[in-house]
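Trainee: Quick one: sequence and predicted model below, then my questions.
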Amino acid sequence: MSAAPAAPQPASAEPLGTAGALDLLLVPPRPRTGWRVLPARAGALCAVELQKLRHDRAELYTRAVQPALWLLIFGETFTRIKAIPTGGIPYIDYLAPGIIAQSAMFIAIFYGIMIIWERDSGILTKLLVTPTPRSALITGKAFAAGVKALIQAVVVIAIAALLGVALTWNPLKLIGVGVAVVLGSAFFSCLSMSIAGIVLTRDRLMGIGQAITMPLFFGSSALYPVSIMPGWLQAVSKANPLSYQVDALRGLLLGTPTHLGLDYGVLLLAAALGILAASSLLGRLAR
């Protein structure tokens, strides 16, 4: 008697691609290594910082008041009296790029207060125990400050256009304006975070921030040409990154003579040194 034929094996209920899908679920993706870690973590932290704008947009509106007052009152008045040589352009046109740089600096210069608040609430300690490099944490916060300042710059440009300021609308030049605003704000936010790593308290940082903000502003070419400054103030202006930011903005928006290569080089170097300094001092905040 012949043996009974073997029963056919039941077909698998899983489709062919299910095993591969399960592998993707069970096996974590390969982590980024090397040079890819810093930009990925910095970008993620920058996005987290910008998410805060969704919960408090009032900051953007209130910060637009001061630039508007500078252009409406200071700009219009000095345009009438013609007391400051501006190379043949109306003073309010000359002033507008300086006010863009000023408003961006005012946003960034108190950024260290936020990192002290994160230290006090325990957030900073949790971030520092993760594998995220400190430089990535600082870079993310610095460029988040730059994006906030960029939004502020758009508001100031809109106000200036309503006041009749003859600005360029060339897309490439406007991109250059955005780069200058972001780099300048990254430096000033890193300066603020570096000071926070030294003074360690919000009250001290507020005092120092208020003490250095106006000297940085008046010691730049935002309000008047460097050529009419006294010699000692010209030396201060040449060492002030805000002067190079204003020079780049003025050349791009108004078409005045400028040194864009030097301006961007100084801003990039200042931002890099600021990130390095703030990263090295970040550990003091967590002690």
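Mentor: That came through fine. Just so it is clear, the model here is predicted, and its values are computed rather than measured.

Trainee: rest of the way, CA atoms for contacts and neighbours
Mentor: Fine.

Trainee: And the helices in this protein?
Mentor: Secondary structure of the chain (DSSP state H): helices located at 18-26, 37-51, 58-62, 65-69, 76-81, 91-108, 111-120, 123-128, 134-162, 171-199, 202-218, 231-238, 241-254, 260-285.

Trainee: Now render those as a markdown table, adding mean neighbour count and distance to residue 225.
Mentor: Output for the helices of the chain, formatted as a markdown table (neighbours: other Cα atoms under 10 Å; distance: least, Cα to Cα, whole Å):
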| stretch | mean neighbour count | distance to residue 225 |
| --- | --- | --- |
| helix 18-26 | 10 | 61 |
| helix 37-51 | 18 | 35 |
| helix 58-62 | 11 | 29 |
| helix 65-69 | 16 | 20 |
| helix 76-81 | 14 | 14 |
| helix 91-108 | 26 | 10 |
| helix 111-120 | 20 | 29 |
| helix 123-128 | 15 | 42 |
| helix 134-162 | 23 | 20 |
| helix 171-199 | 24 | 19 |
| helix 202-218 | 15 | 11 |
| helix 231-238 | 15 | 10 |
| helix 241-254 | 26 | 10 |
| helix 260-285 | 19 | 16 |
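
Trainee: okay if I get these as TSV plus mean pLDDT?
Mentor: Shown next, in TSV, are the helices of the chain (pLDDT from 0 to 100):
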stretch	mean pLDDT
helix 18-26	50
helix 37-51	62
helix 58-62	68
helix 65-69	83
helix 76-81	84
helix 91-108	91
helix 111-120	83
helix 123-128	78
helix 134-162	86
helix 171-199	92
helix 202-218	88
helix 231-238	92
helix 241-254	94
helix 260-285	91
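
Trainee: Mind putting these into TSV with distance to residue 224?
Mentor: Formatted as TSV, the helices of the chain follow (distance: least, Cα to Cα, whole Å):
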stretch	distance to residue 224
helix 18-26	61
helix 37-51	34
helix 58-62	26
helix 65-69	17
helix 76-81	11
helix 91-108	8
helix 111-120	27
helix 123-128	41
helix 134-162	18
helix 171-199	19
helix 202-218	9
helix 231-238	11
helix 241-254	11
helix 260-285	18
